[in-house]
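Student: okay, predicted coordinates and the sequence, questions at the end:
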Amino acid sequence: MPSTSPTAAKASAPRTSRGRQHDWPKHIILLGLIAIELFPLYMMFQVSFKDTSTFLQQPWLPLPISEWNWGNWAFGIKLIAPYLANTVFVATCTTFGTFFFALLGAYFFARAKLPGKEFLWVLFLILLIMPGVGTFVPVFMLLKSMHLLNTLSALILLGVAGGQVFNVFILRHFIEDLPKDLFEAAEMDGASHFQRMVNIVIPMAAPIIGTLSIFSFMGGWNDFMMPLIILRDQELFTLGVGLIYLEGEYVKPWGQIMATYFISSIPLIIILLFTMKFFVRSFSAGAVKG
Amino acid sequence: MSSSIVKKKILRDWPLYFFILPSLALIFVFQYYPVANGFYHSVFEWGGGEAKRFTGWENYRRAFSDVTFLNSFKVIGLLLVFNLIKMWPSIIMAVLIHRLKSDRWQYVYRVLLVVPMIVPGLVGLFIWKFLLDPNIGGLNALIEATGLKSVLVSLDNFFGWGVFFTDIPIAWLGQPDLILPTLFIWGFPWIGMFGVLIYLAGLQAIGTEVYEAADLDGIGPIQKFFYIELPLILTQIRLSLILMVMGTLGGFGFQLLMLNEGGGPGGRGMVPGLWIYNRSFVAGEFGYACALGIILGVIILGLTYINNRYIRVDK
């Protein structure tokens, strides 16, 4: 411990002394880029309080708070809340389903020595590079024959199935890297494979499962192609389809639309608030390197 | 003798097969079966119902003389070039953040990068569509305010594009000749938040001593970029390159929403995926759409193979 701190101090000292004044051009470029990235967010927020006439008069600057039109937000909540509920339901079920089955599958590949394992692994690997493009017609027909068109379960099933290959792939390597002694000790104690999974794999894999489930959840959240093809009834619409229909209206009340957009971001704001630290760190932990 | 005991011990674990069964069933039903089914239907003239007529390779023959389909590959080629250019800002941004001396600022920028992620992808897309609106959009206002409009108009007069006019607001998504340039501008400054965070993770592997050695050798900032930083994040760049290529070739949701089922005015933004969507759900030619899907799938498979063969992603 004492040997590391002096070197750290030595390493950081020349870096800071090497001219802090040289950092400001970088800050200008970075802040400029970030400002452009955040501009849509700003527009979304300030336009959401304007009615059409005030918006057309002054699209760019925010109104004083006293003149904010909360009616847009009331409209937005009423319109989008059911869609949001559907989306949360679908994304949550998809994430849980995906990891329940993917963990089982990954455990099989990581721990089993049964015949046929290598062949089954090849079946998974093929899908890793085989694109699922252009197959939406057969998928549509398949769901039709299963009487699952226009249901939310179809979206969940597709999401869980679509998440298997990638997550099994990542989790297999993770479980293989866990210390073998743990599993042997559990075997001695007579723990079944399922118990070993619940008591060893899940606690140790919690961080990586966390990262992967954020990806999975965001994927479900942002999906609009399959919902657009599958869903017909308005009360089943997920966020994506709902927004597409709202955007497609001929006369556009921009204030109401932007309020709706902002409300549709709120669940992700909440999730990110709770996972921000974890989220920022997870990238640096090398979780994405596989 | 002993090997049979080992075998017995292994086979005692047979209930483990049940672990893989659900995943296997899911990928068979929803990923392998649709491909097989698509291939089967690609040799039929089929409207999606019970009735279908066997036509052999007719659908494939038609695909290779389908002007829209062939043209869509030109569009996708151009989009690939665009996206290749658009990869750079994220890399440069990650390097800039990494080179900041203060760790606290690095963290601040990383948090600021996560913030725009709260906007659902679709909303981001629609806001861009709004910014590109000819009458109320921000891009035209910016161009008018900075006087860039007159520059564009005089350039237009000089080269004879017939796209920009003094008194008419620029219809970014309405002018056939502007569709592809607009697809290029879209998303400026082309920062992919996920990309930057992944590159940053790779850059963190570089120790300060590498920089100090570089400083001693008198290596400038641009050389540092090419000799130190770029080689170290090559793995991450390859990964996002593969994802980008697969996404660009197969994706069409973006074109569907920004333009329409027909690929926008003049069909200038038509990509293969969108044409498949168009043939199936607009024209009802499901058999033909299946054939197109198989062709596109084979092409992407081939490219992924080349990618894996020649551009290795080291784990």
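Tutor: Good, I have the coordinates.

Student: just give the nearest non-adjacent residue to residue B:16, would you?
Tutor: Residue nearest to residue B:16 in three dimensions, not counting chain neighbours: residue A:112, with 4.4 Å by Cβ to Cβ, 6 or more residues apart in numbering or on different chains. Every C-beta, even on glycine, is put in place using the N, C-alpha and C of the backbone.

Student: mind listing what the one you found touches?
Tutor: When contacts are counted by Cβ atoms under 8 Å, 6 or more residues apart in numbering or on different chains, residue A:112 touches B:13, B:16, B:19-20.

Student: residue B:279 too?
Tutor: Taking Cβ under 8 Å, 6+ apart, one finds B:285, B:288-289, B:292 in contact with residue B:279.

Student: which phi and psi does it have?
Tutor: phi -60, psi -40 (degrees, to the nearest 10).

Student: with adjacent residues omitted, what lies nearest to it?
Tutor: Leaving aside its sequence neighbours, residue B:279 sits nearest to residue B:289 (Cβ to Cβ, 6+ apart; 4.2 Å).

Student: what's the pLDDT at that neighbour?
Tutor: With respect to pLDDT, residue B:289 scores 92.

Student: one more: the one 3 residues further on?
Tutor: Looking at residue B:292, its pLDDT is 93.

Student: next one: residue A:273
Tutor: 81.

Student: correct me if wrong, but it is in a helix.
Tutor: Yes. Assessed with DSSP: H, G, I helix; E, B strand; the rest coil, residue A:273 lies in a helix.

Student: roughly how far apart are it and residue B:118?
Tutor: Distance, residue A:273 to residue B:118, using Cβ to Cβ, to the nearest Å: 9 Å.

Student: the more surrounded of these two?
Tutor: Using other Cβ atoms under 10 Å in any protein chain shown, the more surrounded residue of residue A:273 and residue B:118 is residue B:118, with 19 against 9.

Student: hmm, that one is touching residue A:267, no?
Tutor: No. Applying Cβ atoms under 8 Å, one finds residue B:118 not in contact with residue A:267, separated by 9.0 Å.

Student: just the element for the spatially closest residue to residue B:62 that is not a sequence neighbour, please.
Tutor: Leaving aside its sequence neighbours, residue B:62 sits nearest to residue B:288 (Cβ to Cβ, 6+ apart; 6.7 Å). In this structure, residue B:288 sits in helix B:286-310 according to DSSP states H and E.

Student: now residue B:274: how far from residue A:158?
Tutor: From residue B:274 across to residue A:158, the span is 20 Å (Cβ to Cβ).

Student: same check, this time on residue A:257
Tutor: Relative to residue A:158, residue A:257 is positioned 29 Å away (Cβ to Cβ).

Student: now residue B:78
Tutor: Distance of residue B:78 to residue A:158, computed by Cβ to Cβ: 31 Å.

Student: then residue B:229?
Tutor: Going from residue B:229 to residue A:158 by Cβ to Cβ gives 40 Å.

Student: buried set for stretch B:68-87?
Tutor: B:69, B:71-72, B:75-76, B:79, B:82-83, B:86-87 (16 or more other Cβ atoms under 10 Å in any protein chain shown).

Student: chain center to it, what's the gap?
Tutor: When C-alpha coordinates are averaged (Cα atoms, centre = their mean, to the nearest Å), stretch B:68-87 and its chain have centres 10 Å apart.

Student: does any part of it sit near chain A?
Tutor: No. Interface with chain A: stretch B:68-87 contributes nothing (Cβ under 8 Å from any Cβ of the partner chain), its closest point being 11.7 Å away.

Student: can I get that stretch in CSV? Just the C-alpha atoms.
Tutor: Extracted C-alpha coordinates of stretch B:68-87, given in CSV (Å, rounded to 0.1, in the frame of the first residue of the first chain):
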residue,chain,number,x,y,z
THR,B,68,-35.5,-0.6,-57.1
PHE,B,69,-33.9,-3.5,-55.2
LEU,B,70,-30.6,-3.1,-57.1
ASN,B,71,-30.6,0.6,-56.6
SER,B,72,-31.2,0.2,-52.9
PHE,B,73,-27.8,-1.4,-52.6
LYS,B,74,-26.2,1.8,-54.1
VAL,B,75,-28.0,3.8,-51.4
ILE,B,76,-26.8,1.3,-48.7
GLY,B,77,-23.3,1.6,-50.0
LEU,B,78,-23.4,5.3,-49.7
LEU,B,79,-24.9,5.1,-46.2
LEU,B,80,-22.1,2.8,-45.2
VAL,B,81,-19.6,5.4,-46.3
PHE,B,82,-21.5,8.0,-44.4
ASN,B,83,-21.6,5.9,-41.2
LEU,B,84,-17.9,5.2,-41.6
ILE,B,85,-17.3,8.9,-41.5
LYS,B,86,-19.7,9.3,-38.6
MET,B,87,-17.8,6.9,-36.5
